[in-house]
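[1] Make a model of this:
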Amino acid sequence: MKYYGLALQPMQESGAFLLRAMQNEEMPRLDLLVRESVQNALDAGHSRSQSTPVKVDFNILKQATHEIAEIFTDGIDLDTLNNRYPDQTMLLEVRDSLTEGLTGPLTFGSVEDDASHGNLLKLVFEIGRTRNDDGAGGSWGLGKTCYFRMGAGLVIYYSRIKFRDRFEERLVASLVEDETRSDCLQISSRTGIAWWGAAEELRPVTCQDQIHKTLKKLGISPFLEEETGTSVIIPFLREDLLPVFDQDHGTRPWWYQSYDAYIRIALQRWFCVRIDNRAFLDGPYLAASVNGAPLLKHQMLPIFKSTQSLYNRVADKDVSRHDYLNQQGVKAENVVRKDIYLRNEFLGSGSAGHLVAALMTSEQLGMGAPDNIPSPGLCIFGRPENTTPYRPIITFMRRPGMNICWDDSIDSRGWNGGFSGSADGLHMIALFVPRSNRQLLNPDKRHLAGATQNLEGYLRSCERADHAAWVDISGMRIVEKIRTACGKIVKDFGLKPIKTVSVKPSIRMARNLADLLLPSRGFGADGRGGPPASPAKPIRTECGPNRKSIPSPELDIYKVGYVEEGIAVSWTLVWGAIEESCPREILLAVDSESGPISPELWTKNGLGTFPFRLSDLAFAEAFKVDAKLKDAASGPASVMHMYPRKVDDRPHSISGHFVVNFVTPSGSTLRPILIVAISKEAEVGRE
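    The predicted structure follows:
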C-alpha cells in the first residue's frame, strides 16, 4: 500500500488536535469506542427491516509486529515501530455485517454536484462531516477520532459493498498521531496525518487478491458470499484502556479484568434496549458478540435487562409474561408509565415522549445469593452505593437506541427532580424515550436549520460530539421542560406513601441504637422524615382516690458490637407494671422515613426476604422466665417472647443479649430497630 502524507496548508487540522477533538476525558476510552463504532454500524444498517439484526462483532487478537510492519514499509519508521512494539501486539477488530458497508465514491473528484459523499469519504477522509438524516447517531462527524486514541493512531478500514449487481471490496488505512512527539511513527510529517491506499492515487485498494493478502497478514477474515459490511481494524492496541477502579469501592468487578469482559458490559451499558430485542421500535435490533461469543438479552446484567423491559413498555403496554420485570415479580404498582406533555412547543396535540420507571428490590436486581450481582451504581458508574436510600438512576435516548447518559443526580433541577431515593430501600430505574416525529412549532421563527424541524432533529442538534448530554439550543427550553417534567414524575412516584405497622416504637431506644450503629450523615433527619414524635403520655388507672402513673415496658440498649454478618446487641428490659402477667416481646423491624416496617408488612409489600434475623439469645443471669425466638410468617426469626414462669416470678428487669444477623445483602445497608411491646400471644410456659 502506498503512503500519502498530509501536507501542511492553511486551516489544516493537525494530529494533536484531532486526538483531542472529542473533548471527553471523563468517559473511559473503551466506552467511547463502543458507543461510536456501534452507532456507525447501526447508521449503516438503518434500512434493514425491524425483524432482521445488525451484527457487530468485537474481536481481540494477537499479531506479530513484523506481519503488520510489512504492510506499511512505505512511510513508517520501522525502527521506531519495533522499539515501541517489539515482538507481538494486540489488535482489535470491530466488524459490522448485514450493513451497507463503506459506500459512495472512491475519491472527491468522483463526487457530483450536491451528491452524497457516501460513507467511505466521510469516515476515512473527512472530518466534521456527518449524516443528515434525523435518525443517525452522529451530529458532529468527530466521533471517529476515538479510533485513533485506542492505539498508535493507525486504523485500517476494510469493507465489502454491493455496487449495482456485483460486490466490491475496499481497503484503506489512516494514521493520526501527535506530530509533536519525539518518537513519531512517520518518517517525516508536519501534520501527523497520513493515509495508505492504491498505488495510482489516494483512494482505497479495490484489488481483491491484494486485499485478501493484507487481511491474512492481519489475521482478519474477509467477507464472503452475500455478506456486506465494514471491519475497522486497530493494531498496536494500548494496554491501559481499562479504567482504573478505586480500591476504596471494594473488590474490583470481573469486567475490569480484561478487554473482552469490559466490552461486553460496555455494550450493555449503552445499547441495552437494542441488544437482542426484537421489540425495538426504530429499526433492526442489535446482534452483538465479543470474541465470537454472542451477547444475548438473558445474559445481560439485571439492571440492563430491567432497562430493556422499561423500553418495551413504551412500545407496548401489554408486555409478555417473559418480560424481565414480570419474571422478577415486580408489582404493577411499582411500575409507572407517563406521557410527557409540553406547552407551546409542537404542532398539534400529543406528548413529547414517555417516561417509564420501576421500583425494584435488591433481590429482584440479582444482588442476593446465589447471583451476587454488583449494585446498579457499580455496573453503570463504576462506584457502588451501599447505603440507603439508593439514588434513582435515569437514562434517555433518541431513535438509534443508545443511552445518551446515565444520571443519578439528586439536584432539584435534574432528571430526578431532587428525589434522593426510596425510604424502604428500593432501587428506582427510569427511562425517557422521546416521540421523535413530533413537529416543532414555528421552527423558522426560531432560526433553526431544516434538519431540526422535528423533535428528533432538535435533540440530535443538542448533543455534543461525544453524545453525552442534551443541551438546549440558545433561546429554547425543550430539553429543560422535558427534564423538569420527568423529574416531577420520578419524585412523585418515588415518594408514594408506605403503610406502617400499628405499633409505636420506643423512639428513644431506636435513636440510641441508630446513633451507635450508623454514620451521622446520609440517613435523613432524626425524626425519620415525618413530624417529631410527641412525648408519650403515661397510662393512668383509677386506683383509689389518687391517680397514679403505671410504667410501661421499656428497653435500653447499653452495648453494641459488630460481628461477622451481623450486630451483637446487649440490652436491659424493664418489665413494667401494665398487664404484669402478660408476656413481653422484642420485635425486630426495618426503620424508614415513614415509620418502622414489620416483617409482615415487608412480606405483604413484596419486598422479598426480610433482611434481619435474631439469633444467639442469652441472658446475663438466671431469671425465672422462659424465652423463645419466633419466626415471622415466611421469614426468619424476628420476635423474641418472654414469659414469667409463675405469677409471682415477674422480674423487675431482665438483661441479655442477642445477634441481629444480616440475611440479605441489603441488610447491611438498612437500619434495624427494636420495639418492645406487650405480647398478645397466649401465656405459654407458665406453670
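
[2] which residues in the stretch 51-200 of the chain form strands?
    Remark: strands assigned in the stretch 51-200 of the chain by DSSP state E, counting those that start in this stretch are 54-64, 88-97, 154-163, 166-176, 193-197.

[3] Now the fourth one: buried residues?
    By neighbour count on 16 or more other C-beta atoms under 10 Å, the buried set for strand 166-176 is 167-176. Bear in mind the C-beta positions are built from the backbone N, C-alpha and C, glycine included.

[4] Repeat that for the shortest one.
    By neighbour count on 16+ other C-beta under 10 Å, the buried set for strand 193-197 is 193-197.

[5] and of those, the nearest to residue 581?
    Set against residue 581, the nearest of these by C-beta to C-beta is residue 193 (92.4 Å).

[6] who's in contact with the closest one?
    5-6, 13-15, 18, 174-176 (C-beta atoms under 8 Å, 6 or more residues apart in numbering).

[7] pLDDT below threshold where in this structure?
    Scanning the chain for pLDDT under 70 picks out 22-24, 113-115, 128-141, 443-452, 497-550, 593, 621-625, 630-638, 645-650, 680-687.

[8] any idea how it splits into domains?
    1-241, 302-496, 507-521+547-678 (automatic domain parsing).

[9] Quick one, which of those gets closest to residue 291.
    Of all the domains of the chain, domain 1-241 sits nearest to residue 291, with 6.0 Å by C-beta to C-beta.

[10] Can you check the distance spanned by the closest one, start to finish?
    Length of domain 1-241, first residue to last, C-alpha to C-alpha, to the nearest Å: 29 Å.

[11] for stretch 330-348, same thing?
    One end of stretch 330-348 to the other measures 36 Å (C-alpha to C-alpha).

[12] list the buried ones in it?
    330, 334-336, 338, 340, 342, 345-346.

[13] which residues are contacting that stretch?
    313-314, 317, 325, 351-360, 364, 426, 432, 438-441, 455, 478, 481-482, 485-486, 489, 493, 606.

[14] on that earlier part again, so can I have TSV of the strands of the stretch 51-200 of the chain showing distance to residue 421?
    Shown next, in TSV, are the strands of the stretch 51-200 of the chain (distance: least, C-beta to C-beta, whole Å):
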stretch	distance to residue 421
strand 54-64	35
strand 88-97	38
strand 154-163	44
strand 166-176	44
strand 193-197	49
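
[15] Nearest to residue 568, out of those?
    It is, among the strands of the stretch 51-200 of the chain and with distance given as C-beta to C-beta, strand 54-64, at 49.6 Å.

[16] relative to strand 88-97, how tilted is that closest one?
    Here strand 54-64 runs at an angle of 160 degrees relative to strand 88-97 (axes from the mean of the first three to the mean of the last three C-alpha atoms, to 10 degrees).

[17] Against which helices or strands is strand 54-64 packed?
    In terms of contacts (3 or more C-beta pairs under 8 Å, 6 or more residues apart in numbering; DSSP states H and E), strand 54-64 is packed against helix 29-44, strand 88-97, helix 259-271, strand 286-290.

[18] distance between the second one and the chain's centre?
    Here the centre of mass of C-alpha atoms in strand 88-97, compared against the chain's by C-alpha atoms, centre = their mean, to the nearest Å, lies 26 Å away.

[19] Buried ones in that strand, by neighbour count?
    In strand 88-97, counting by 16+ other C-beta under 10 Å, buried: 89-97.

[20] okay if I get those as JSON lines plus distance to residue 260?
    Shown next, in JSON lines, are the buried residues of strand 88-97 (distance: C-beta to C-beta, whole Å):
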{"residue": "89", "distance to residue 260": "16"}
{"residue": "90", "distance to residue 260": "11"}
{"residue": "91", "distance to residue 260": "13"}
{"residue": "92", "distance to residue 260": "10"}
{"residue": "93", "distance to residue 260": "12"}
{"residue": "94", "distance to residue 260": "13"}
{"residue": "95", "distance to residue 260": "14"}
{"residue": "96", "distance to residue 260": "18"}
{"residue": "97", "distance to residue 260": "19"}
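
[21] what's the closest of the residues you listed to residue 45?
    Nearest to residue 45 out of these is residue 96 (C-beta to C-beta; 7.1 Å).

[22] residue contacts, that closest one?
    Residues near residue 96 by C-beta under 8 Å, 6+ apart: 37, 40-41, 44-45, 54-57, 229-231.

[23] before we move on, back to that, now distance to residue 420 too, for the helices and strands packed on strand 54-64, in CSV please.
    Putting these into CSV (distance: least, C-beta to C-beta, whole Å) gives the following:
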stretch, distance to residue 420
helix 29-44, 27
strand 88-97, 40
helix 259-271, 24
strand 286-290, 34
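
[24] Let me know whether residue 672 touches residue 590 as I believe.
    Yes. Using C-beta atoms under 8 Å, residue 672 is in contact with residue 590, at 6.6 Å.

[25] any common contacting residues for these two?
    residue 612.

[26] What helix or strand is the residue nearest in space to the middle of the chain located in?
    Residue closest to the average C-alpha location in the chain (C-alpha atoms, centre = their mean): residue 380, at 3.3 Å. Assigned by DSSP states H and E, residue 380 belongs to helix 376-381.

[27] Report the buried residues of that helix.
    Across helix 376-381, burial judged by 16+ other C-beta under 10 Å covers 376-380.

[28] between those, which is nearest residue 269?
    Nearest to residue 269 among these: residue 380, at 6.3 Å, using C-beta to C-beta.

[29] for that closest one, what are its contacts?
    Residue 380 neighbours (C-beta under 8 Å, 6+ apart): 269, 303, 393, 406.

[30] farthest-separated two in those?
    The two members of the contacts of residue 380 with the most space between them (C-beta to C-beta) are 269 and 393, at 11.6 Å.

[31] Find the residues that touch each one of the two.
    380, 406.

[32] Helices along this protein, start to end?
    For the chain, applying DSSP state H gives helices covering 15-19, 29-44, 65-69, 78-84, 118-120, 208-218, 259-271, 302-315, 324-327, 376-381, 455-461, 478-494, 507-517, 599-604.

[33] and the longest one, which residues are buried?
    Same thing as helix 478-494. In helix 478-494, counting by 16+ other C-beta under 10 Å, buried: 478-479, 481-491, 493-494.

[34] repeat for the first one
    The neighbour-count check on helix 15-19 (16+ other C-beta under 10 Å) flags 15, 17-19 as buried.

[35] what's that helix in contact with?
    With C-beta under 8 Å, 6+ apart as the test, helix 15-19 has contacts from 127, 145, 148-149, 153, 176-180, 191-193.

[36] Drop anything exposed from those residues.
    Neighbour-count burial within these applies to 127, 145, 148-149, 153, 176-179, 191-193; the criterion is 16+ other C-beta under 10 Å.

[37] any chance of the residues you listed in a markdown table, with distance to residue 653 too?
    A markdown table is the format used below for these (distance: C-beta to C-beta, whole Å):
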| residue | distance to residue 653 |
| --- | --- |
| 127 | 81 |
| 145 | 74 |
| 148 | 76 |
| 149 | 70 |
| 153 | 77 |
| 176 | 79 |
| 177 | 79 |
| 178 | 77 |
| 179 | 83 |
| 191 | 86 |
| 192 | 82 |
| 193 | 84 |
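
[38] with those residues in mind, which one is nearest to residue 185?
    residue 177 (6.1 Å).

[39] how close does that closest one sit to residue 153?
    Distance, residue 177 to residue 153, by C-beta to C-beta, to the nearest Å: 4 Å.

[40] Kindly report the same for residue 70.
    Relative to residue 153, residue 70 is positioned 19 Å away (C-beta to C-beta).
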